[in-house]
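Student: Generate a structure from the sequence data that follows.
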Amino acid sequence: MSDGEQRTIWVADDSRLELTQIVEALPAGFTVEQFDDGEGIIEAVARGGAPDVVITDWVMPGVSGLDVIQFLRAHPRGADIGILVLTARGSSSDLRTAFFAGADDFVFKPVLPEELHARINRMLQRHDAHQQVEEQFLGRWLEERKQSQEAKQRELEERQRKEEAQERMQLAELFMGILGHDLRTPLSSIVMANAILQRDVTEERRRLATRRIAASVARMTELIGRMLDVTRSRLGGGIPLAPARHDARLVCERVIDELSAANPDRPIELNVDGDTELPVDADRLAQVLSNLVGNALEYGLATEPIAVRMVGEPDKVRIEIVNHGPPIPENVVATIFEPFRRAVDHAVSPTGSMGLGLYIAKQIVEAHGGAIAVRSDAASTAFTVTLPRQP
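Tutor: Presented below is the predicted three-dimensional model:
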């Protein structure tokens, strides 16, 4: 309460004469409201009132002084109200009951003005001191909470900076790994093919060398594209998409044709059911399917066909690639869609891949609003891609 704000006292007594005497005995400088019974005080508080002090007679018909005390202490606005009890009997039992219910002090009737002033002032001083302590405590608590939040924010920012630095370091190491490992083979092929072209060789050998250079350049371009995809996704840029209406079946057929040409002795069976047209980036979908079917060819039994099943459902298109062969270990399944992970726990795959394909496939599928999952047991391994019709 500010220094210029006047305090309020409510007085309740069923005796009009005693009520008048009490009001006249109150110290100056207070706003006073009078009530003929305890019910009036309860109704006033219920309507939103909250005085600084309530002076209530102990014995009143209907709502007694005890009822007033219990109501105030149970009410959210009543906790800070000072309560002074008026009693003519002076029963120790009544006083004990009043204090246990929440009364702050008492005055015997007939009321002496000096005593009433002293008890009101003492009660208000206790209230002010208590409120000051609460405000100080609250102030300290708020300040400590602010400092704690600021410390947590600094800790979070520092952790984010470290994680970002670690991410950049990993990407740098990844680039070095690509340069030192995956790009070495196609570069070596280009060097050897170029050496052949520098010599006087037959036209047939010249054509073979030229095709080798073209294939190596295509492989290097693919590796660099994958690295760019990884960099975008790891640094928050996301996989760029150019979605349009396409039939996923046609995209899948094109991928299977390309892989079948490169693996003529490995049958790939496609089964399509339902409408498979949806908004999708066709090139990115081809990238996903090429990776998943390529993995099935790489790790599946050469004696068993690869099964590609495509089902058009009302709200999505589901694509499943199944191969037969040894199951993926459980510890590998848990991290198989992270970068540098493969379907088997080897340092390098049979094709020399660094294990980025499944990570990029997951990023592409999720960029479409879809999901990718893997199931592997002794019978078969299946990767399932689900793409929504409404991304």
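Student: Mind jotting down where the strands sit in the stretch 201-350 of the chain?
Tutor: 244-247, 268-273, 277-280, 306-312, 316-323 (DSSP state E, counting those that start in this stretch).
Student: Return the most buried member of these.
Tutor: Of all those, strand 316-323 has the most neighbours on average by mean count of other C-beta atoms under 10 Å, namely a mean of 22. Quick note: C-beta positions are derived from backbone N, CA and C, even for glycine.
Student: Sheet partners, orientation included, of that strand?
Tutor: Note on strand 316-323: by DSSP bridges, its sheet partners are strand 306-312 (antiparallel), strand 381-388 (antiparallel).
Student: Secondary structure element holding the residue positioned nearest the centre of the chain?
Tutor: Ranked by distance to the mean C-alpha position of the chain (C-alpha atoms, centre = their mean), the top residue is Leu156 at 14.7 Å. Assigned by DSSP states H and E, Leu156 belongs to helix 113-177.
Student: which strands and helices sit next to that helix?
Tutor: Identification of packing neighbours for helix 113-177 by 3 or more C-beta pairs under 8 Å, 6 or more residues apart in numbering; DSSP states H and E yields helix 16-25, strand 53-57, strand 82-87, strand 105-108, helix 203-234.
Student: right, and those - which one's nearest Gln34?
Tutor: Across those, Gln34 has its closest neighbour in helix 16-25 (5.8 Å, C-beta to C-beta).
Student: What residues of that closest one count as buried?
Tutor: Glu18, Leu19, Ile22, Val23, Ala25 (16 or more other C-beta atoms under 10 Å).
Student: and the gap between Ile55 and Leu356?
Tutor: 81 Å (C-beta to C-beta, to the nearest Å).
Student: Which one's more surrounded, those two?
Tutor: Neighbours were tallied for Ile55 and for Leu356 using other C-beta atoms under 10 Å; the higher tally belongs to Ile55 (29 against 21).
Student: show me what contacts that one?
Tutor: With contacts defined as C-beta atoms under 8 Å, 6 or more residues apart in numbering, Ile55 is in contact with Ile9, Trp10, Val11, Ala12, Ile22, Leu84, Leu86, Val107.
Student: who's in contact with the second one?
Tutor: Spelled out, that is Trp10. Val32, Glu33, Gln34, Phe35, Ile41, Ala44, Gly49, Pro51, Val53, Val54, Ile55 are the contacts of Trp10 under C-beta under 8 Å, 6+ apart.
Student: Among these, which one lies nearest to Thr276?
Tutor: Gly49 (71.5 Å).
Student: Could you confirm that closest one falls within a strand?
Tutor: No: in this structure, Gly49 is coil, not part of a strand, as judged by DSSP: H, G, I helix; E, B strand; the rest coil.
Student: Contact partners for it?
Tutor: Counting by C-beta under 8 Å, 6+ apart, Gly49 has contacts Trp10.
Student: right, and Thr8 touches Glu33 too?
Tutor: Yes: with contact defined as C-beta atoms under 8 Å, Thr8 reaches Glu33; the gap is 7.0 Å.
Student: Overlap in contacts, those two.
Tutor: Common neighbours of Thr8 and Glu33, counting by C-beta under 8 Å, 6+ apart, are Pro51.
Student: how far out from the middle of the chain is the helix holding Leu156?
Tutor: Relative to the chain's own centre, helix 113-177 is displaced by 22 Å; criterion: C-alpha atoms, centre = their mean, to the nearest Å.
Student: can you check stretch 266-279 too?
Tutor: For stretch 266-279 - counting by C-alpha atoms, centre = their mean - the centre lies 37 Å from the chain centre.
Student: same question, stretch 243-261
Tutor: Per C-alpha atoms, centre = their mean, the centroid offset for stretch 243-261 relative to its chain is 37 Å.
Student: Repeat that for stretch 286-303.
Tutor: 35 Å.
Student: try stretch 197-212
Tutor: On C-alpha atoms, centre = their mean, the centre of stretch 197-212 falls 59 Å from the chain's centre.
Student: mind listing what's buried in it?
Tutor: Buried, per 16+ other C-beta under 10 Å, within stretch 197-212: Ala209, Arg212.
Student: the inter-axis angle of the helix holding Leu156 versus strand 53-57?
Tutor: Relative orientation of helix 113-177 and strand 53-57, computed by axes from the mean of the first three to the mean of the last three C-alpha atoms, to 10 degrees: 130 degrees.
Student: and helix 113-177, average pLDDT?
Tutor: Mean pLDDT, computed over helix 113-177, is 79.
Student: Then stretch 39-54?
Tutor: 89.
Student: swap in stretch 9-26?
Tutor: Mean predicted confidence for stretch 9-26 is 88.
Student: ok now that stretch, how far from the chain's centre?
Tutor: So, by C-alpha atoms, centre = their mean, the centroid of stretch 9-26 is 60 Å from its chain's centroid.
Student: go on, stretch 301-311?
Tutor: The mean C-alpha position of stretch 301-311 is separated from the chain mean by 39 Å, C-alpha atoms, centre = their mean.
Student: Which members of the contacts of Trp10 are the farthest-apart pair?
Tutor: Top of the distance list for the contacts of Trp10 (C-beta to C-beta): Gly49 and Ile55, 14.8 Å.
Student: ok, Arg154 to Arg145 distance?
Tutor: 15 Å.
Student: ignore the last one, Phe108
Tutor: Distance of Phe108 to Arg145, given as C-beta to C-beta: 47 Å.
Student: who's more crowded, those two?
Tutor: Comparing Phe108 with Arg145 by other C-beta under 10 Å, the one with more neighbours is Phe108, at 13 against 10.
Student: hang on, isn't that one packed against Thr87?
Tutor: Yes: counting by C-beta under 8 Å, Phe108 does reach Thr87; the two are 6.3 Å apart.
Student: Report the buried residues of stretch 92-112.
Tutor: Buried, per 16+ other C-beta under 10 Å, within stretch 92-112: 94-95, 97-98, 101-107, 109, 111.
Student: Repeat that for stretch 66-79.
Tutor: Leu66, Asp67, Val68, Ile69, Phe71, Leu72, Gly78.
Student: Fine by me, thanks again.
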